[in-house]
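**Q** make a model of this:
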Amino acid sequence: MDVLATLNHSISLVSRLREISKNISEAEFKNLLADLSSELADAKIHIAELKTQLAALSEENRSLKAAVPESKQTPTQKWGCYQFEGEQGLFCTACYDSKGKKSLTNRLSSTRRSCPVCKSVIGT
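**A** Numbers count the residues shown, from 1 in each chain. Purely as a prediction, here's the structure:
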């Protein structure tokens, strides 16, 4: 049973008890019953607020997970650059590690490469 449904049922039971208590003239019983009714109503409001907050946080979590690029491939390293299976070329490690972007590097010499995106120089 849903928590809100349980609280609604509890509140209706309190209302029925209040009707029954009309025949009883004990003021203390009526005061305790009123306190219980108030507490249950406050709990219902608080649970509704928590449900709204949970829905907002779940949506934020979903959008943040969608924004993070999933690393589907594990790159291998060659000459200080990344290589991906099925793709030709050497990719910048800095761009891939920080942004998840595959940036092809350019050859500068036999031992050095550069990234046109982040301008890093790879090699000795």
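**Q** could you check the pLDDT of residue 35?
**A** Per-residue pLDDT puts residue 35 at 77.
**Q** and the helix or strand encompassing it, how far out from the chain middle?
**A** In the assignment (DSSP states H and E), residue 35 maps to helix 27-67. Chain-centre distance of helix 27-67: 19 Å, with CA atoms, centre = their mean, to the nearest Å.
**Q** counting by contacts, list what that helix packs against.
**A** helix 3-21 (3 or more CB pairs under 8 Å, 6 or more residues apart in numbering; DSSP states H and E). From N, CA and C alone the C-beta is placed, and that goes for glycine too.
**Q** what residue ranges in this structure score low on pLDDT?
**A** Scanning the chain for pLDDT under 70 picks out the ranges 1, 21-26, 28, 68-73, 124.
**Q** what's the angle from the helix holding residue 35 to helix 3-21?
**A** 170 degrees (axes from the mean of the first three to the mean of the last three CA atoms, to 10 degrees).
**Q** and after helix 27-67, which helix or strand comes next?
**A** Taking DSSP H and E, what comes next after helix 27-67 is strand 76-78.
**Q** now for that following strand, which elements pack on it?
**A** Using 3+ CB pairs under 8 Å, 6+ apart: strand 76-78 touches strand 81-83.
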